[in-house]
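Student: Generate a structure from the sequence data that follows.
(2 chains)
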Amino acid sequence: MKAAVIVFPGSNREGDMARALAQATGHRPDMLWHDDHALPAGTDLVVLPGGFSYGDYLRCGAIAGRAAIMDAVRKHAARGGLVLGVCNGFQILCESGLLPGVLMRNANLRFVCKMQHLRVERNDTAFTRQYGKNQVIEVAIAHGEGNYEGDDATIERLEGDGLVAFRYCDASGRIGGAANPNGSRNDIAGIYSAGRNVLGLMPHPENLIDPLVGGVDGRGLFESLASAA
Amino acid sequence: MKARVIVTLKSGVLDPQGKAIEGALVSLGVPGVASVRQGKVFDVELAGEDKAAARERLTAACEKLLANTVIENFSIEI
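Tutor: Numbering: from 1, shown residues only, chains lettered A, B, ... in the order given. Have a look, this model is predicted:
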(Lines give C-alpha, C1' and ligand atoms only; values in the text may rest on other atoms or scores of the structure.)
Protein backbone atom coordinates (compact mmCIF):
# COMPACT_ATOMS: atom_id res chain seq x y z
CA MET A 1 0.00 0.00 0.00
CA LYS A 2 1.56 3.25 -1.19
CA ALA A 3 -0.28 6.24 0.20
CA ALA A 4 -0.03 9.97 -0.52
CA VAL A 5 -1.47 12.71 1.72
CA ILE A 6 -2.32 16.04 0.08
CA VAL A 7 -1.55 19.14 2.14
CA PHE A 8 -3.43 22.37 1.41
CA PRO A 9 -2.83 25.76 3.03
CA GLY A 10 -4.82 25.39 6.25
CA SER A 11 -4.81 21.58 6.46
CA ASN A 12 -4.03 20.57 10.04
CA ARG A 13 -4.71 16.83 10.40
CA GLU A 14 -2.07 15.65 7.93
CA GLY A 15 0.31 14.63 10.74
CA ASP A 16 -2.33 12.51 12.47
CA MET A 17 -3.26 10.97 9.13
CA ALA A 18 0.38 10.15 8.30
CA ARG A 19 0.79 8.50 11.71
CA ALA A 20 -2.31 6.35 11.25
CA LEU A 21 -1.21 5.30 7.75
CA ALA A 22 2.34 4.52 8.90
CA GLN A 23 1.04 2.42 11.79
CA ALA A 24 -1.16 0.32 9.52
CA THR A 25 1.02 0.06 6.41
CA GLY A 26 4.53 0.16 7.89
CA HIS A 27 5.53 3.09 5.63
CA ARG A 28 5.28 6.83 5.96
CA PRO A 29 3.00 8.20 3.22
CA ASP A 30 4.26 10.71 0.66
CA MET A 31 3.23 14.24 1.58
CA LEU A 32 2.16 16.26 -1.48
CA TRP A 33 1.52 19.99 -1.80
CA HIS A 34 -1.67 21.37 -3.32
CA ASP A 35 0.06 22.83 -6.35
CA ASP A 36 1.86 19.64 -7.30
CA HIS A 37 0.52 18.34 -10.59
CA ALA A 38 1.12 14.59 -10.37
CA LEU A 39 0.91 11.75 -7.87
CA PRO A 40 4.08 9.71 -7.21
CA ALA A 41 4.23 6.66 -9.50
CA GLY A 42 2.53 3.65 -7.96
CA THR A 43 0.27 5.57 -5.59
CA ASP A 44 -2.56 3.28 -4.42
CA LEU A 45 -4.31 5.61 -2.02
CA VAL A 46 -4.73 9.41 -1.96
CA VAL A 47 -5.81 10.98 1.32
CA LEU A 48 -7.27 14.45 1.79
CA PRO A 49 -6.84 15.25 5.50
CA GLY A 50 -8.94 17.43 7.78
CA GLY A 51 -8.39 21.06 8.63
CA PHE A 52 -9.52 24.40 7.32
CA SER A 53 -8.13 24.59 3.80
CA TYR A 54 -7.99 28.21 2.60
CA GLY A 55 -9.57 29.27 5.89
CA ASP A 56 -12.93 27.80 4.79
CA TYR A 57 -13.24 30.92 2.58
CA LEU A 58 -16.12 31.00 0.09
CA ARG A 59 -17.41 27.54 1.10
CA CYS A 60 -15.62 24.78 3.03
CA GLY A 61 -13.41 22.89 0.57
CA ALA A 62 -14.43 25.04 -2.41
CA ILE A 63 -11.01 26.49 -3.25
CA ALA A 64 -9.07 23.31 -2.40
CA GLY A 65 -11.49 21.36 -4.61
CA ARG A 66 -10.13 23.34 -7.60
CA ALA A 67 -6.43 23.08 -6.66
CA ALA A 68 -3.94 21.91 -9.30
CA ILE A 69 -3.38 18.50 -7.68
CA MET A 70 -7.11 17.69 -7.81
CA ASP A 71 -6.96 16.94 -11.55
CA ALA A 72 -4.47 14.17 -10.76
CA VAL A 73 -6.72 12.97 -7.91
CA ARG A 74 -9.74 12.88 -10.26
CA LYS A 75 -7.77 10.84 -12.80
CA HIS A 76 -6.59 8.47 -10.05
CA ALA A 77 -10.20 7.97 -8.92
CA ALA A 78 -11.40 7.46 -12.50
CA ARG A 79 -8.83 4.65 -12.86
CA GLY A 80 -10.33 3.00 -9.78
CA GLY A 81 -7.62 4.23 -7.41
CA LEU A 82 -8.52 4.64 -3.74
CA VAL A 83 -9.28 8.10 -2.35
CA LEU A 84 -10.09 8.91 1.28
CA GLY A 85 -11.30 12.32 2.47
CA VAL A 86 -11.80 13.01 6.16
CA CYS A 87 -13.69 16.03 7.51
CA ASN A 88 -12.43 18.96 5.41
CA GLY A 89 -11.23 16.26 3.00
CA PHE A 90 -14.85 15.07 2.65
CA GLN A 91 -15.93 18.66 1.98
CA ILE A 92 -13.21 18.94 -0.67
CA LEU A 93 -14.37 15.69 -2.33
CA CYS A 94 -17.93 17.03 -2.55
CA GLU A 95 -16.77 20.40 -3.89
CA SER A 96 -14.49 18.76 -6.47
CA GLY A 97 -17.32 16.61 -7.83
CA LEU A 98 -15.74 13.32 -6.74
CA LEU A 99 -18.65 12.72 -4.37
CA PRO A 100 -22.25 13.97 -4.69
CA GLY A 101 -24.04 16.31 -2.31
CA VAL A 102 -22.76 19.00 0.01
CA LEU A 103 -21.79 19.55 3.65
CA MET A 104 -23.90 22.37 5.07
CA ARG A 105 -23.61 24.28 8.32
CA ASN A 106 -24.53 22.07 11.31
CA ALA A 107 -28.27 22.32 11.91
CA ASN A 108 -27.76 23.72 15.43
CA LEU A 109 -25.20 26.26 14.11
CA ARG A 110 -22.59 25.04 16.61
CA PHE A 111 -19.14 23.61 16.04
CA VAL A 112 -19.37 20.09 17.44
CA CYS A 113 -16.27 18.46 18.98
CA LYS A 114 -16.87 15.19 20.81
CA MET A 115 -16.75 11.41 20.67
CA GLN A 116 -19.41 9.91 18.43
CA HIS A 117 -20.66 6.42 17.64
CA LEU A 118 -20.97 5.31 14.03
CA ARG A 119 -22.52 2.28 12.41
CA VAL A 120 -20.44 0.59 9.71
CA GLU A 121 -23.03 0.06 6.96
CA ARG A 122 -21.10 -2.51 4.94
CA ASN A 123 -17.84 -4.36 5.40
CA ASP A 124 -17.16 -5.50 1.85
CA THR A 125 -15.21 -2.42 0.69
CA ALA A 126 -11.50 -1.61 0.63
CA PHE A 127 -12.08 0.75 3.57
CA THR A 128 -14.07 -1.43 5.95
CA ARG A 129 -13.06 -5.09 5.55
CA GLN A 130 -11.59 -5.23 9.05
CA TYR A 131 -14.90 -4.21 10.63
CA GLY A 132 -18.06 -6.26 11.05
CA LYS A 133 -21.24 -5.40 9.16
CA ASN A 134 -23.30 -2.99 11.31
CA GLN A 135 -20.46 -2.85 13.84
CA VAL A 136 -20.71 0.19 16.10
CA ILE A 137 -17.44 2.11 16.47
CA GLU A 138 -16.58 5.16 18.53
CA VAL A 139 -14.48 7.90 16.95
CA ALA A 140 -14.02 11.67 17.27
CA ILE A 141 -15.92 14.33 15.37
CA ALA A 142 -14.89 17.99 15.14
CA HIS A 143 -16.68 20.14 12.58
CA GLY A 144 -18.95 23.12 12.02
CA GLU A 145 -20.13 22.13 8.54
CA GLY A 146 -20.90 18.41 8.58
CA ASN A 147 -24.60 18.47 7.81
CA TYR A 148 -24.75 16.24 4.74
CA GLU A 149 -27.40 17.26 2.24
CA GLY A 150 -28.29 16.18 -1.26
CA ASP A 151 -31.37 16.47 -3.41
CA ASP A 152 -33.94 13.67 -3.11
CA ALA A 153 -32.65 11.88 -6.20
CA THR A 154 -29.09 11.86 -4.84
CA ILE A 155 -30.14 10.52 -1.46
CA GLU A 156 -32.30 7.85 -3.09
CA ARG A 157 -29.41 6.78 -5.29
CA LEU A 158 -26.98 6.64 -2.33
CA GLU A 159 -29.41 4.54 -0.33
CA GLY A 160 -30.53 2.34 -3.22
CA ASP A 161 -27.00 1.59 -4.41
CA GLY A 162 -25.61 0.94 -0.92
CA LEU A 163 -23.27 3.95 -1.02
CA VAL A 164 -23.80 5.09 2.57
CA ALA A 165 -20.58 4.10 4.38
CA PHE A 166 -21.23 5.20 7.98
CA ARG A 167 -24.24 6.51 9.89
CA TYR A 168 -24.31 8.39 13.17
CA CYS A 169 -25.82 6.27 15.94
CA ASP A 170 -25.83 5.88 19.70
CA ALA A 171 -23.73 3.41 21.72
CA SER A 172 -26.21 0.62 21.08
CA GLY A 173 -26.32 1.28 17.32
CA ARG A 174 -29.67 3.06 17.30
CA ILE A 175 -29.95 5.58 14.46
CA GLY A 176 -31.71 8.93 14.61
CA GLY A 177 -32.81 11.58 17.06
CA ALA A 178 -30.16 12.87 19.45
CA ALA A 179 -27.58 10.47 17.99
CA ASN A 180 -27.35 12.73 14.92
CA PRO A 181 -24.88 15.50 15.86
CA ASN A 182 -25.33 17.84 12.90
CA GLY A 183 -28.65 17.32 11.12
CA SER A 184 -27.30 15.18 8.25
CA ARG A 185 -29.94 13.68 5.94
CA ASN A 186 -30.57 10.04 6.86
CA ASP A 187 -27.90 10.34 9.61
CA ILE A 188 -25.20 10.06 6.96
CA ALA A 189 -21.65 10.36 8.33
CA GLY A 190 -19.81 9.10 5.24
CA ILE A 191 -20.47 8.04 1.65
CA TYR A 192 -18.82 6.11 -1.17
CA SER A 193 -18.54 6.92 -4.85
CA ALA A 194 -20.44 4.66 -7.26
CA GLY A 195 -17.33 2.45 -7.61
CA ARG A 196 -16.80 2.41 -3.81
CA ASN A 197 -13.17 3.45 -4.35
CA VAL A 198 -13.72 6.98 -3.02
CA LEU A 199 -14.81 7.45 0.61
CA GLY A 200 -15.61 10.73 2.33
CA LEU A 201 -16.53 10.94 6.01
CA MET A 202 -16.79 13.69 8.60
CA PRO A 203 -15.50 11.73 11.66
CA HIS A 204 -11.78 11.31 12.37
CA PRO A 205 -10.76 7.63 12.49
CA GLU A 206 -7.10 8.75 12.33
CA ASN A 207 -7.42 10.09 15.87
CA LEU A 208 -8.50 6.75 17.35
CA ILE A 209 -5.52 4.52 16.68
CA ASP A 210 -3.80 4.54 20.06
CA PRO A 211 -5.18 3.43 23.46
CA LEU A 212 -3.32 6.40 24.97
CA VAL A 213 -5.80 8.82 23.40
CA GLY A 214 -9.02 7.01 24.15
CA GLY A 215 -9.50 4.10 21.79
CA VAL A 216 -8.47 2.22 18.70
CA ASP A 217 -11.76 1.98 16.80
CA GLY A 218 -10.26 3.95 13.91
CA ARG A 219 -7.57 1.37 13.23
CA GLY A 220 -9.89 -0.92 11.30
CA LEU A 221 -10.19 1.58 8.46
CA PHE A 222 -6.43 1.91 8.00
CA GLU A 223 -5.81 -1.82 8.42
CA SER A 224 -8.49 -2.47 5.79
CA LEU A 225 -6.72 -0.10 3.42
CA ALA A 226 -3.31 -1.62 4.20
CA SER A 227 -4.61 -5.03 3.18
CA ALA A 228 -6.46 -3.70 0.11
CA ALA A 229 -3.44 -3.15 -2.11
CA MET B 1 -16.31 47.35 -16.05
CA LYS B 2 -17.98 46.63 -12.74
CA ALA B 3 -20.20 43.64 -12.22
CA ARG B 4 -22.05 42.17 -9.30
CA VAL B 5 -22.60 38.47 -8.78
CA ILE B 6 -25.30 37.41 -6.33
CA VAL B 7 -25.32 33.85 -5.00
CA THR B 8 -28.35 32.62 -3.09
CA LEU B 9 -29.46 29.29 -1.69
CA LYS B 10 -31.98 27.42 -3.81
CA SER B 11 -35.46 27.36 -2.40
CA GLY B 12 -36.00 24.28 -0.27
CA VAL B 13 -32.39 24.18 0.94
CA LEU B 14 -32.35 24.57 4.70
CA ASP B 15 -30.56 27.79 5.72
CA PRO B 16 -29.77 27.62 9.43
CA GLN B 17 -27.88 30.94 9.33
CA GLY B 18 -30.83 32.71 7.71
CA LYS B 19 -33.12 31.17 10.33
CA ALA B 20 -30.89 32.44 13.15
CA ILE B 21 -30.84 35.95 11.64
CA GLU B 22 -34.61 35.81 11.20
CA GLY B 23 -34.98 34.88 14.88
CA ALA B 24 -32.68 37.74 15.90
CA LEU B 25 -34.64 40.28 13.83
CA VAL B 26 -37.91 39.10 15.33
CA SER B 27 -36.49 39.29 18.85
CA LEU B 28 -35.24 42.84 18.10
CA GLY B 29 -38.83 43.76 17.36
CA VAL B 30 -38.38 44.47 13.64
CA PRO B 31 -41.98 44.29 12.47
CA GLY B 32 -43.24 42.02 9.73
CA VAL B 33 -40.19 39.78 9.21
CA ALA B 34 -41.61 36.61 7.70
CA SER B 35 -38.42 34.95 6.51
CA VAL B 36 -34.67 35.59 5.98
CA ARG B 37 -32.39 33.76 3.57
CA GLN B 38 -28.65 34.54 3.64
CA GLY B 39 -26.63 34.84 0.42
CA LYS B 40 -23.37 36.24 -0.93
CA VAL B 41 -22.47 39.24 -3.10
CA PHE B 42 -19.27 39.45 -5.18
CA ASP B 43 -18.29 42.79 -6.72
CA VAL B 44 -16.00 42.00 -9.62
CA GLU B 45 -14.01 44.42 -11.78
CA LEU B 46 -13.43 43.16 -15.30
CA ALA B 47 -11.13 44.41 -18.05
CA GLY B 48 -12.82 45.40 -21.33
CA GLU B 49 -16.23 46.89 -22.15
CA ASP B 50 -17.97 43.97 -23.88
CA LYS B 51 -20.94 43.19 -21.66
CA ALA B 52 -21.88 39.95 -23.38
CA ALA B 53 -18.32 38.62 -23.03
CA ALA B 54 -18.27 39.70 -19.38
CA ARG B 55 -21.51 37.88 -18.70
CA GLU B 56 -20.12 34.76 -20.32
CA ARG B 57 -16.92 34.91 -18.26
CA LEU B 58 -18.81 35.47 -15.01
CA THR B 59 -21.21 32.63 -15.75
CA ALA B 60 -18.19 30.35 -16.16
CA ALA B 61 -16.73 31.74 -12.92
CA CYS B 62 -19.96 30.99 -11.07
CA GLU B 63 -20.20 27.48 -12.42
CA LYS B 64 -16.53 26.75 -11.68
CA LEU B 65 -16.17 28.33 -8.27
CA LEU B 66 -18.41 31.12 -6.99
CA ALA B 67 -21.56 29.02 -6.61
CA ASN B 68 -22.10 25.41 -5.64
CA THR B 69 -24.89 24.71 -8.10
CA VAL B 70 -26.04 21.72 -6.04
CA ILE B 71 -27.49 24.12 -3.49
CA GLU B 72 -27.06 27.65 -4.87
CA ASN B 73 -28.42 29.84 -7.67
CA PHE B 74 -26.50 32.79 -9.07
CA SER B 75 -27.41 35.97 -10.90
CA ILE B 76 -25.16 38.50 -12.62
CA GLU B 77 -25.68 42.27 -12.82
CA ILE B 78 -23.50 44.28 -15.21
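Student: CA atoms for contacts and neighbours, from now on please.
Tutor: OK.
Student: how about the residues of chain A near chain B?
Tutor: Residues of chain A lying near chain B by Cα under 8 Å from any Cα of the partner chain: A:58, A:62-63, A:66, A:95, A:101-102, A:105-109, A:150-151.
Student: out of everything not next to it in sequence, what's closest to B:Met1?
Tutor: When the adjacent residues along the chain are set aside, B:Met1 lies closest to B:Leu46, with 5.1 Å between them (Cα to Cα, 6 or more residues apart in numbering or on different chains).
Student: ignore the last one, B:Ile21
Tutor: Across the structure, with Cα to Cα, 6+ apart as the measure, the residue nearest B:Ile21 apart from its sequence neighbours is B:Val36 (6.8 Å).
Student: do the same with A:Val136
Tutor: Nearest residue to A:Val136 in three dimensions, chain neighbours excluded: A:Arg119, at 4.6 Å (Cα to Cα, 6+ apart).
Student: What is the subsequent helix or strand relative to the one helix or strand the one you found maps to?
Tutor: Using DSSP states H and E, the element containing A:Arg119 is strand A:112-120. Toward the C-terminus, strand A:112-120 is succeeded by strand A:136-143 as the next helix or strand (DSSP H and E).
Student: next helix or strand past that next one?
Tutor: Using DSSP H and E, the helix or strand that directly follows strand A:136-143 along the chain is strand A:147-149.
Student: And the residue of chain A that's closest to chain B?
Tutor: Among the residues of chain A, A:Ala107 lies nearest to chain B; the distance is 6.0 Å by Cα to the nearest Cα.
Student: shouldn't that residue be in contact with A:Asn147?
Tutor: Yes: with contacts defined as Cα atoms under 8 Å, A:Ala107 counts as touching A:Asn147 at a distance of 6.7 Å.
Student: who touches B:Val70 in this structure?
Tutor: Contact analysis of B:Val70 by Cα atoms under 8 Å, 6 or more residues apart in numbering or on different chains lists A:Gly101, A:Val102, A:Gly150, A:Asp151.
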